[in-house]
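In: okay, structure incoming, though there's no sequence with it:
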Ligand SMILES: [Zn+2]
């Protein structure tokens, strides 16, 4: 079953992102030309289309834009984790990402725009960027 | 070009579990029926526009379908906007006809996700960004994410989501061609299991095998050919957000506002002129947000609009009169166009009396694409 776990596909473009996480840092791309910041990894800035960017470390704080709780395992690897959540987090620096909220399973404590902070966790040997609610136990 | 191009014929297969039927075969059956409905020969067709089957991508699928139809068109191919493709292809056909690029177009779609594969619907959104690693998979989850934000921002409730399902299922229950002919109550809805919270089974469209097709030609040609009940196309429009759900700047806005504004302007009408509506209801949140963005109600008020009589047969807008994706068939959109045509012809199963103008809403992806069609008489 674990052989099926959807591990990230690391390529030349996103390698700095995954390397950063393995060192305990969440990185995003920032355009050298127009200062726009984004995730996931791209080879060009989606705002000015320039190809010059720098990987910057995120502060790790952000807000949860929305979240869902899966009661169905669309991929077998997640069957034993039901119910599990996926949230969209908007980082303080602007980039957004799909992630999971950890440390809280009482969903009545979830609300849109709830502040969150980075909580890097190891998942099948790979560091991934998850978040916890600020102010929760 | 308002009213200069018409839908001259419509056709569809039965919907549901059609063991052994390929998407090509279902397309051919739908086209055969649409040609018969328009009373024209396939020799008159010089454009074949096809939506590729969502469940399985096939290169040059438009040519494969045209080959099976034995047609060598001037214009042919596949249009990929997921569920918005149907109306977008009809729009393209209308523009091509207006500019003498073709004369008569067949626009069709078919798929067999029920008996064939449907793994495409559950695949992770790309692997490179780790979406799959976070369990961020499935189309349903994308809509659930949007629904949650709408609930949080605008106070939309599950009872309001239910109002869409109850309306559409009630209409589908009276449609002898509907795949699911079972009406539901609010209690049924609230007891249906959560798929991806906040969406329940009864928020989600059906999974169906089936095909549907329409014939598009100029009003003049339809008149000369003696087409019995041509339905004029008054307006159309499209709109897209390109951002994946997790990247979208505003989760509670659909591109219906853009596609609707274009179509209403072209048709020279506004929401108050619309007598009957067929809205893409892949999930219950979708028509709620499309109603807002079309201007049938204010932004954020879609939930109370559907639950407080804004849609339905008691003074509201007659809505998804054949059951929509929630009840008639999960096919991505062409059935809504066909029901829109039936209403304008006055031959719908649940006919809206004196309906003069109808709107059809198509959308695709996770609200990535949107297209609108306004039909008249
Ligand atoms: Zn830039």
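Out: Perfect, thanks for sending it. Predicted, not measured: the structure shown is a model, and the values here were computed from it.
In: chain neighbours aside, what residue packs nearest to the residue of chain A positioned farthest from its centre?
Out: Going by Cα atoms, centre = their mean, the residue of chain A most distant from its centre is residue A:33, 24.8 Å out. Once flanking residues are discounted, residue A:33 sits nearest to residue A:50: 4.1 Å by Cβ to Cβ, 6 or more residues apart in numbering or on different chains. (C-beta placed from N, C-alpha, C; glycine too.)
In: what about that neighbour, which SS state?
Out: In three-state terms, and counting by DSSP: H, G, I helix; E, B strand; the rest coil, residue A:50 is coil.
In: mind checking how far it is from residue A:42?
Out: 11 Å (Cβ to Cβ, to the nearest Å).
In: what of residue A:70?
Out: Distance from residue A:70 to residue A:42, by Cβ to Cβ: 27 Å.
In: ok, those two, which is more surrounded?
Out: Taking neighbours as other Cβ atoms under 10 Å in any protein chain shown, residue A:70 and residue A:42 compare with residue A:70 leading, 24 against 15.
In: what residues are up against residue B:200?
Out: Counting by Cβ atoms under 8 Å, 6 or more residues apart in numbering or on different chains, residue B:200 makes contact with B:158, B:189, B:190, B:192, B:193, B:194.
In: also residue B:115?
Out: B:17, B:18, B:19, B:20, B:21, B:209.
In: same question for residue B:336.
Out: B:86, B:278, B:279, B:280, B:320, B:324, B:325, B:360, B:361, B:362.
In: apply 10 Å and report the result again.
Out: B:83, B:86-87, B:212, B:277-281, B:320-322, B:324-325, B:328-329, B:359-362, B:373 (Cβ atoms under 10 Å, 6 or more residues apart in numbering or on different chains).
In: swap in residue A:117?
Out: Residue A:117 neighbours (Cβ under 10 Å, 6+ apart): A:59, A:60, A:61, A:62, A:89, A:92, A:131, A:132, A:133, A:134.
In: nearest spatial neighbour of the last one, chain-adjacent residues omitted?
Out: If you skip the residues right next to it in sequence, residue A:134 has residue A:115 as its closest partner in space, 4.3 Å away by Cβ to Cβ, 6+ apart.
In: ok, what's across the strand from residue B:239?
Out: Note on residue B:239: beta-bridge partners by DSSP bridges are residue B:370.
In: which secondary structure element contains the residue of the stretch 151-300 of chain B found nearest chain A?
Out: Per Cβ to the nearest Cβ, residue B:152 is where the stretch 151-300 of chain B lies closest to chain A, at 3.4 Å. Taking DSSP states H and E as the definition, residue B:152 sits inside helix B:139-154.
In: ok, then the element right after that helix?
Out: That would be, after helix B:139-154 and using DSSP H and E, helix B:158-173.
In: strands along chain A, start to end?
Out: All strands of chain A, identified by DSSP state E, fall at A:27-31, A:37-38, A:53-57, A:61-70, A:84-91, A:96-99, A:101-102, A:114-123, A:126-133.
In: remind me what the last one packs against, helices and strands.
Out: The contact analysis (3 or more Cβ pairs under 10 Å, 6 or more residues apart in numbering or on different chains; DSSP states H and E) places strand A:126-133 against helix A:15-22, strand A:61-70, strand A:84-91, strand A:96-99, strand A:101-102, strand A:114-123.
In: hmm, which of the contacts of residue B:115 are the buried ones?
Out: Buried subset of the contacts of residue B:115 (neighbour count, 16 or more other Cβ atoms under 10 Å in any protein chain shown): B:18, B:21, B:209.
In: can you lay out the residues you listed as TSV showing pLDDT?
Out: Output for those, formatted as TSV (pLDDT from 0 to 100):
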residue	pLDDT
B:18	94
B:21	95
B:209	94
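In: and chain A, which residues reach the ion?
Out: A:31, A:33, A:34, A:36, A:45, A:47, A:48, A:50 (Cβ under 5 Å from the ion).
In: mind redoing it with 8 Å?
Out: Within chain A, the residues that sit near the ion (Cβ under 8 Å from the ion) are A:31-36, A:45-50, A:53.
In: follow-up on the earlier one: out of the contacts of residue B:336, which are inside helices?
Out: For the contacts of residue B:336, the ones inside helices are B:86, B:87, B:324, B:325, with DSSP state H as the criterion.
In: return the member of these nearest to the ion.
Out: residue B:87 (34.5 Å; Cβ to the ion).
In: what's the local residue count around the closest one?
Out: Counted with other Cβ under 10 Å, residue B:87 comes out at 31.
In: just to check, it is in contact with residue B:239?
Out: No: look at residue B:87 against residue B:239 with Cβ atoms under 10 Å: they stay out of range, at 11.5 Å.
In: overlap of the contact sets of those two?
Out: With Cβ under 10 Å, 6+ apart as the test, residue B:87 and residue B:239 both reach B:259, B:263, B:363, B:370, B:371, B:372.
In: let's have those in JSON lines, adding neighbour count.
Out: Listed next are those as JSON lines, based on neighbours: other Cβ atoms under 10 Å in any protein chain shown:
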{"residue": "B:259", "neighbour count": "30"}
{"residue": "B:263", "neighbour count": "28"}
{"residue": "B:363", "neighbour count": "32"}
{"residue": "B:370", "neighbour count": "32"}
{"residue": "B:371", "neighbour count": "32"}
{"residue": "B:372", "neighbour count": "31"}
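In: and those residues, which two are the farthest apart?
Out: B:263 and B:363 (13.0 Å; Cβ to Cβ).
In: just to revisit the earlier point, would you reformat the residues of chain A next to the ion as TSV and include pLDDT?
Out: Listed next are the residues of chain A next to the ion as TSV, based on pLDDT from 0 to 100:
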residue	pLDDT
A:31	98
A:32	98
A:33	98
A:34	98
A:35	98
A:36	98
A:45	98
A:46	96
A:47	97
A:48	98
A:49	98
A:50	97
A:53	98
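In: in ChimeraX, how would I select the buried members of these?
Out: What follows is the ChimeraX syntax for the buried subset of these, where burial is set by 16+ other Cβ under 10 Å:
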select /A:31,36,45,53
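In: tell me which of the residues of chain A next to the ion is nearest to residue B:140?
Out: residue A:46 (26.8 Å).
In: verify the stated contact: that closest one with residue A:95.
Out: No: the criterion here is Cβ under 10 Å, and residue A:46 misses it with residue A:95 at 11.0 Å.
In: can you check which residues contact both of these two?
Out: A:29, A:36, A:38, B:247.
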